[in-house]
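1. attaching a predicted model along with its sequence, questions to come.
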Amino acid sequence: MTPLERVLALLPASPTPARPFVLGIDGRSGSGKTNLAAAVAGHVTGAQVLALEDAYRGWGGLREGVEEIASGVLAELRAGRTGAYRRYDWARGELGGTVPVGPSAVVVLEGCGAGSLPCAPYVDALVWLEAPEHERHHRAMARDDGAWLDQWSTWAAQESALLAERDARAAADLVLETSTE
């Protein structure tokens, strides 16, 4: 069974948009969350991807973004209502417009913090992606042309703080090794 097939096996046979099934894809920066989320959404009709990085409040705002998604989107979707969050404009370094998120059969919540304490009550299944730190660092720098090299340790400390509150890896329904070494 491929890693994607293992993830797809976590989804219910017939999800309903009235109460979306939330699949969390978590892992440290550079572990492959975005690629896996896109692959899942490409195989699941009606699935929408909710990228946590759109809500992070810059390099120091991991927790604030996660909390906004949990309360403003996930709690609302769980109650059968449309949720919303304020998108962060990374280029300008400020909050942008409000993004509505309507119910769908499957919501793929991807990003650092998807399995964190604020999101945990709303996540129906959690996948943790694991890769060695040096490989994750290389991937992240290659992906973003090294634009946030100065921020790597600051970001990693925020990831560690969220993991200290709730070990998302230990709580995961599925752990996938994404190392290519």
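-> In hand now; what should we look at?
2. going forward, measure contacts and count neighbours with C-alpha atoms only.
-> OK.
3. where along this protein do the helices fall?
-> For the chain, the helices defined by DSSP state H occupy 3-8, 33-43, 62-69, 75-78, 133-143, 152-165, 168-171.
4. same for the last one, what does it pack against?
-> Which is helix 168-171. strand 125-130 (3 or more CA pairs under 8 Å, 6 or more residues apart in numbering; DSSP states H and E).
5. if we go to 6 Å?
-> Applying 3 or more CA pairs under 6 Å, 6 or more residues apart in numbering; DSSP states H and E, we find helix 168-171 packed against no helix or strand.
6. show me which residues of that helix are buried.
-> Across helix 168-171, burial judged by 16 or more other CA atoms under 10 Å covers 168-169, 171.
7. pull the residues that contact that helix.
-> Residues outside helix 168-171 that contact it (CA atoms under 6 Å, 6 or more residues apart in numbering): 115, 128.
8. which residues are contacting the helix-or-strand element of the chain with minimal mean pLDDT?
-> Evaluated with mean pLDDT, DSSP states H and E, the helix-and-strand set of the chain has its lowest mean pLDDT in helix 133-143, which scores a mean of 73. With contact meaning CA under 6 Å, 6+ apart, helix 133-143 is reached by 30-31.
9. could you check the angle it makes with strand 125-130?
-> For helix 133-143 against strand 125-130, the angle by axes from the mean of the first three to the mean of the last three CA atoms, to 10 degrees is 100 degrees.
10. any idea of the angle helix 133-143 forms with helix 152-165?
-> Counting by the same axes, to 10 degrees, helix 133-143 lies at 130 degrees to helix 152-165.
11. off-centre distance for helix 133-143?
-> Relative to its chain's centre, helix 133-143 lies at 17 Å (CA atoms, centre = their mean, to the nearest Å).
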